[in-house]
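1. Everything below, folded, please.
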Amino acid sequence: MSGQSHAVVIGGGIGGLTAAAALHRSGRRVTVLERAASLEPVGAAISLSPNALRALDVLGIGDEIRDLAAWQGDGGLRTPGGRWLSRTSAAAVAERFGGPLVLLHRATLVAGLAALLPPGTVRTGTPAHLADPGDARRPARVTTPAGELEADLVVAADGIHSAVRAALFPHHPGPVYAGFTTWRLVVPLPGAEFASHETWGRGRLWGTHPLRGGQVYAYAAATAPAGRHAADDERAELVRRFGDWHAPIPAVLAAAHPRDVLRHDVHHIAEPLPAYHRGRVALLGDAAHAMPPTLGQGGNQAVEDAVVLAHHAGDLAAYTAARLPRTTAIARQAVRIARVAMVGGRAGTALRDTAIAALSRARPALLLRGFEGIADWRPPQPPYAAVRTGADGTTATGTGTGTGTGTDTGER
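-> Numbering: from 1, shown residues only. Model prediction:
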């Protein structure tokens, strides 16, 4: 597909905006079509691991995001009573994978990505329908309430229930329920001092991580039938399920208001797609490879997708070849971890906890191997140099390696 000029991105979430920014930087005219009335993202916070931060370095905003985020501190995995099963070191993570894990509001990342685009690029309140995927001889066509758009490339970043995916691969079974539901919340908790942690119980888990500005990001998950909701409110449901777990969980729940709590069932694509493209259309993020949140890689892989797509925009088969094996392997690993984390029986939970504790004592660094091949990924194109201004007014350039200390972890 040589001589491309116009790319249409369906979906204005993190993956869609990253793709738009990367395609714009490569010299294409870009139009982003977002169904919602604004770019205000659904969700609370997102964890970015070194692989995604290196992808953002390609766009020139990696260091900006690092500066706005909370960097991961030392933490680990605990039991509901507070016993540590394993400990992690922020320095060890940064040394092993070439940078930190960071945590920030999704809205902050969305705003940073949107700022990379020319005015008028994003059209909110604009549902879009793929009318024709196009081919080597004709452009793709997308219809909107305002009319039809032709495009040399269409990027489908329309989420887990992607209508574009269903149109391209009508016989694919689509997403399936993962067997558990999740809650997310951001609450003010100034002055609180605690180590970042994820806590695993019987068919339940909880994570607490500090954000900047005296706020805390918390998430929870529990096995449950699909489609269930609390009879009263979701904060009360969290208190029932987690209110007697170790500190700071009770304090986080006490500081929360029912409106702060988001609840969503977890779905994932269990059967990989045959390809991430057809004609002039490329699938990206959850539309291509929705996965359980247990590795914190859903958003990170969407960011990776975006910069790789911009690199291979003239050869979508190369994009599929670069992304499908990697994301399929990561999605399967996330499913395996979910099965272990959400074990519900008393005996299975005890066996799991004993094994994790023994492994952590014997070879502490061994637990980091789960991120090898994930967090150490590098984009196919080199990052743009970051320019930093020092306290004395001097400037220095770097390549966005993001070494240092701080606090965070875990996207859900």
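2. So what's the residue count around Thr349?
-> Neighbours of Thr349 under the rule other CB atoms under 10 Å: 17. The way it works is simple: take the backbone N, C-alpha and C, and place the C-beta from them, glycine included.
3. hang on, it in a helix?
-> Yes - read with DSSP: H, G, I helix; E, B strand; the rest coil, Thr349 is one of the residues of a helix.
4. which residues does it contact?
-> With contact taken as CB atoms under 8 Å, 6 or more residues apart in numbering, Thr349 is in contact with 200-202, 343.
5. make it 6 Å
-> For Thr349, the contacting residues are 202, 343, taking CB atoms under 6 Å, 6 or more residues apart in numbering as the criterion.
6. got it, and Pro258?
-> Contact criterion CB under 6 Å, 6+ apart gives 233, 235 as the residues in contact with Pro258.
7. Check what pLDDT it gets.
-> You'll see Pro258 listed with a pLDDT of 96.
8. So it versus Asp233, what's the distance?
-> Pro258 sits 4 Å away from Asp233 when distances are taken as CB to CB, to the nearest Å.
9. again, but for Val102
-> From Val102 over to Asp233 the distance is 31 Å, taken as CB to CB.
10. With neighbour numbers in mind, choose between those two.
-> Using other CB under 10 Å as the criterion, Val102 and Asp233 rank with Val102 on top: 26 against 15.
11. so what's the more buried one bridging to?
-> Here Val102 sits in beta bridges with Leu48, Trp71, going by DSSP bridges.
12. pLDDT score assigned to it?
-> Taken from the predicted model, the pLDDT recorded for Val102 is 96.
13. which residue is nearest the centroid of the chain?
-> Gly299 (1.9 Å; CA atoms, centre = their mean).
14. List the buried residues in the longest helix anywhere in the chain.
-> The helix spanning the most residues in the chain, taking DSSP state H as the definition, is helix 316-341. Judged by neighbour count (16 or more other CB atoms under 10 Å), helix 316-341 contains these buried residues: 316, 318-320, 322-324, 326-328, 330-331, 333-335, 338, 341.
15. same check, this time on stretch 130-150
-> Taking 16+ other CB under 10 Å as the basis for neighbour counts, the residues of stretch 130-150 that come out buried are 130, 132-134, 139-142, 144, 149-150.
16. Go through those and name the one nearest Val281.
-> For these, the residue nearest Val281 by CB to CB is Pro133; the value is 4.6 Å.
17. Tell me which residues touch that closest one, please.
-> Applying CB under 6 Å, 6+ apart as the definition, the contact partners of Pro133 turn out to be 140, 278-279, 281.
18. Please name every helix or strand in contact with the longest helix of the chain.
-> Applying 3 or more CB pairs under 6 Å, 6 or more residues apart in numbering; DSSP states H and E, one finds that helix 316-341 makes contact with helix 298-311.
19. Go again with 8 Å.
-> The helices and strands touching helix 316-341, judged by 3 or more CB pairs under 8 Å, 6 or more residues apart in numbering; DSSP states H and E, are strand 176-188, strand 262-268, strand 277-278, helix 286-289, helix 298-311.
20. among the ones you listed, which is nearest Asp67?
-> Proximity of those to Asp67 was assessed by CB to CB; the nearest stretch is helix 298-311, lying at 17.4 Å.
21. So for Ala19, which of the helices and strands packed on helix 316-341 sits nearest?
-> Ala19 lies closest, by CB to CB, to one member of these: helix 298-311, at 3.9 Å.
22. Output the contacting helices and strands for the helix or strand containing Arg96.
-> Per DSSP states H and E, Arg96 falls inside helix 90-97. Here helix 90-97 touches helix 50-58, going by 3+ CB pairs under 8 Å, 6+ apart.
23. Quick one: distance of the following helix or strand past the helix it packs on to the chain centre.
-> Sequence-wise, the next helix or strand downstream of helix 50-58 (DSSP H and E) is helix 62-68. Helix 62-68 has its average C-alpha position 16 Å from the chain's average C-alpha position, going by CA atoms, centre = their mean, to the nearest Å.
24. again, but for stretch 304-312
-> 16 Å.
25. mind listing what's buried in that stretch?
-> By 16+ other CB under 10 Å, the buried positions in stretch 304-312 come out as 304-312.
26. out of those, who's nearest His171?
-> Distances from His171 to the buried residues of stretch 304-312, taken as CB to CB, are shortest for Asp305 (23.0 Å).
27. Let me know the pLDDT of the closest one.
-> According to the prediction, Asp305 has pLDDT 98.
28. Next up, the contacts around the nearest residue to Ala256 once chain neighbours are set aside.
-> Computed as CB to CB, 6 or more residues apart in numbering, the closest residue to Ala256 that is not its neighbour in sequence is Val187, at 4.9 Å. With contact taken as CB under 8 Å, 6+ apart, Val187 is in contact with 215-216, 218, 252, 255-256, 260.
29. With neighbour count as extra columns, can I get the residues you listed in CSV?
-> As requested, the contacts of Val187 are arranged in CSV below (neighbours: other CB atoms under 10 Å):
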residue, neighbour count
Gln215, 18
Val216, 22
Ala218, 28
Val252, 22
Ala255, 18
Ala256, 22
Asp260, 17
